[in-house]
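1. below are the sequence and a predicted model for it; my questions follow.
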Protein chains: 2
Amino acid sequence: MTEDSFFQWLFQQLPTAGKDVVIPPGDDCAAIRWREDKLLLIAVDQVVGGRHYVAKGPDATPPALAGRKLVARNVSDIAAIGGTPLFCLLAGAFPKSCTETWLKEFYGGIVDAVGAFQLQMLGGDLASSNGDEVASLTILGEVAANEVITRSGARAGDALFATGAFGNSFVSGHHLHFNPRHAEGRWLAQQHLASAMMDVSDGLLLDLSRICKMSQCGARIDLNAIPCRDAGTSIDQACSEGEDFELIFAVPSDKVAALQQRWPFANTPLTRLGTFDGSGLLRDQQGNSLVARGWDHLSPPSAGGN
Amino acid sequence: MTEDSFFQWLFQQLPTAGKDVVIPPGDDCAAIRWREDKLLLIAVDQVVGGRHYVAKGPDATPPALAGRKLVARNVSDIAAIGGTPLFCLLAGAFPKSCTETWLKEFYGGIVDAVGAFQLQMLGGDLASSNGDEVASLTILGEVAANEVITRSGARAGDALFATGAFGNSFVSGHHLHFNPRHAEGRWLAQQHLASAMMDVSDGLLLDLSRICKMSQCGARIDLNAIPCRDAGTSIDQACSEGEDFELIFAVPSDKVAALQQRWPFANTPLTRLGTFDGSGLLRDQQGNSLVARGWDHLSPPSAGGN
């Protein structure tokens, strides 16, 4: 069972979303009607010691950076739908072996990130556990109803674009220091340039396959066009490792020129990776089928972290 | 360091709540402005295996009941402020030793409770961990701005009331089967009968001390008036064990008669426990100071669960 199939099993049993739910579960955020023309966006994401960061030993992640990562990956979920992050809530379960110093540094990293991303913290819960440090953050944001960009709007013929670079996130430290693309996501939403969007956390091809599934289309991707993080990163790593927290998005063909001319983020690479099509498949530039490999949360690899 | 002092340390470092935040952290829920006269209520709470339920061995809690508890304790937080629960999000981190059967039963209990409490599930996240099963639920609800009942409204002279009975929750199984008092909380809010309210999860005296602190007052409580769960439950247990998920609330003296006459919940005992005063202390009927013992999440007792 994969995480996707587990949540499919779970949400099938739940009542259909009611009238106030504008974006049901299955996207980067859910959305409910808020006020005037605004939607309230909501998502939850976690970091677990030993999995999303190194918890122990000489290579242990500084706890403040682990805390920062928790906030930043949630901001990335709001970015992925074109929204502005506003509020958050925090739940943590920590073993008794956690020192007060560790906890204060971890929470200090969260506090700093909450300030840096201009969030307001609304509450929290703290529990004891045995085992790994588990912290979850619920994030809330807003977006105008006519600006929101979901995973389900890609159409055959749309171009596939990505921000930034991919692969080798864990070893390079990118997963701790990345800047979530919320300015880029907001700009794409305001400019009405993207028909579908998500952030890449579980792997470029796996997350692309999710856009394709939600949009009922396929995509042809030029593997050689994928920007790799550094010279030591293979295309294979860029395709599947995840933790990139870059945006991938669909752009209607008649808006591609406008996107490329107007893109205002000089420090954020913008790359065309391919084209959506009606095949329902992921294929490379030669037409070979690609396997949507990536990170599955129920069957994680034994090494590294995610 | 206690949980209260830890969160005090944490929230002191955070920016002061902005204009959209009507109830800042420190109450059972936070509240932000929603639409028309409504507030959106938000809280997060967790269950941890081995702590909030028995995870292993012959006395292991049926996983469906552990899942139900997670939802019910969050509904209780919405009840505690007079609100109606509406939406929830779920984050879970589970060890590989969790079988698919266990996970499906646990989530099945959550699904059933989500239906029973007429909630809508908006999303979730799932991660692997080593150690205890950790699940957190974020709950959202609504309340009219002129009906909300916070912890901070108690005044000297107000009567202290409680629903239900206290103590022995873990051994008796109450903590798994309790009905959160959301109908009672809503009624008190609509009738404008309570000046302050919260739910008792960490212990009657500890939670009462939190109302007193937020309301800048004290209380005198008649220990002999406290309804104990059963014949085997001592007043000491009723005062401190927690997990009762009953409401305690302050009632202005001129509304006490109306409360007692109109209380429409034949199956929910309503008991006057004492009177708020200006002392800043918790005292018993003889005027002896009481220690606000209860469950602290950073220094849990070694036995039982909470």
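-> Arrived safely, thanks for sending.

2. ranges for the strands of the stretch 151-300 of chain A?
-> A:159-163, A:196-200, A:218-221, A:246-251, A:270-277, A:282-284 (DSSP state E, counting those that start in this stretch).

3. any chance of a markdown table for those, columns distance to chain B, mean neighbour count and mean pLDDT?
-> C-betas here are computed from N, CA, C, even on glycine. Listed next are the strands of the stretch 151-300 of chain A as a markdown table, based on distance: least, CB to the nearest CB, whole Å; neighbours: other CB atoms under 10 Å in any protein chain shown; pLDDT from 0 to 100:
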| stretch | distance to chain B | mean neighbour count | mean pLDDT |
| --- | --- | --- | --- |
| strand A:159-163 | 23 | 23 | 98 |
| strand A:196-200 | 14 | 26 | 98 |
| strand A:218-221 | 25 | 22 | 98 |
| strand A:246-251 | 19 | 27 | 98 |
| strand A:270-277 | 25 | 19 | 98 |
| strand A:282-284 | 23 | 17 | 96 |
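
4. got JSON lines for those strands, with distance to B:Gln285 too?
-> As requested, the strands of the stretch 151-300 of chain A are exported to JSON lines (distance: least, CB to CB, whole Å):
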{"stretch": "strand A:159-163", "distance to B:Gln285": "67"}
{"stretch": "strand A:196-200", "distance to B:Gln285": "59"}
{"stretch": "strand A:218-221", "distance to B:Gln285": "73"}
{"stretch": "strand A:246-251", "distance to B:Gln285": "64"}
{"stretch": "strand A:270-277", "distance to B:Gln285": "73"}
{"stretch": "strand A:282-284", "distance to B:Gln285": "73"}
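
5. look up the closest residue to A:Gly82, ignoring the ones flanking it.
-> In space, and not counting its chain neighbours, A:Gly82 is closest to A:Ala189: 2.8 Å by CB to CB, 6 or more residues apart in numbering or on different chains.

6. state the distance from that neighbour to A:Met197.
-> 8 Å (CB to CB, to the nearest Å).

7. who touches both of those two?
-> A:Ile81, A:Gly82, A:Ile149 (CB atoms under 8 Å, 6 or more residues apart in numbering or on different chains).

8. and these, which is closest to chain B?
-> Nearest to chain B among the shared contacts of A:Ala189 and A:Met197, counting by CB to the nearest CB, is A:Ile81 at 11.9 Å.

9. I figured that closest one hits A:Val143, correct?
-> Yes: counting by CB atoms under 8 Å, A:Ile81 does reach A:Val143; the two are 6.5 Å apart.

10. so for these two, which residues contact both of them?
-> Common neighbours of A:Ile81 and A:Val143 (CB under 8 Å, 6+ apart) are A:Ala31, A:Leu41, A:Ala189.

11. what's the closest of those residues to chain B?
-> Within the shared contacts of A:Ile81 and A:Val143, the smallest distance to chain B is 8.7 Å, found for A:Ala31 (CB to the nearest CB).

12. show the pLDDT at that closest one.
-> The model reports A:Ala31 with a pLDDT of 97.

13. for beta bridges, what are the partners of it?
-> In this entry, A:Ala31 is beta-bridged to A:Ile23, A:Leu41, by DSSP bridges.

14. my read: it touches A:Pro25, true?
-> No: A:Ala31 lies out of contact with A:Pro25 (CB under 8 Å); the separation is 10.7 Å.

15. ok, the two, which is more surrounded?
-> The neighbour comparison of A:Ala31 against A:Pro25 (other CB atoms under 10 Å in any protein chain shown) goes to A:Ala31, with 26 against 20.

16. which strand residues bridge the residue of chain A found nearest chain B?
-> Relative to chain B, the nearest point of chain A is A:Gly131 (0.9 Å; CB to the nearest CB). Beta bridges link A:Gly131 to B:Gly131, judged by DSSP bridges.

17. these two touch, right, A:Gly108 and A:Leu65?
-> No: judged on CB under 8 Å, A:Gly108 makes no contact with A:Leu65 at a distance of 10.6 Å.

18. what's the neighbour count on A:Arg35?
-> 15.

19. how confident was the prediction at it?
-> So A:Arg35 comes in at 86 (pLDDT).

20. quickly note the distance from the closest residue in space to it that isn't next to it in sequence to B:Ala154.
-> Counting by CB to CB, 6+ apart, B:Arg35 is the residue found nearest to A:Arg35 once chain neighbours are left out, at 4.3 Å. Using CB to CB, B:Arg35 is found at 30 Å from B:Ala154.

21. now A:Ala135
-> Relative to B:Ala154, and taking CB to CB, A:Ala135 is found at 33 Å.

22. also A:Gln285?
-> Taken as CB to CB, the span from A:Gln285 to B:Ala154 is 69 Å.

23. between the two, who's got more neighbours?
-> B:Ala154 (29 against 12).

24. enumerate every residue touching the more buried one.
-> So B:Ala154 contacts B:Ser195, B:Ala196, B:Ile211, B:Cys212, B:Ser215, B:Cys217, B:Ala219, B:Ala250, B:Phe276 (CB under 8 Å, 6+ apart).

25. surely the first one meets B:Gly153?
-> Yes: checked against CB under 8 Å, the pair B:Ser195 and B:Gly153 is within contact range at 4.1 Å.
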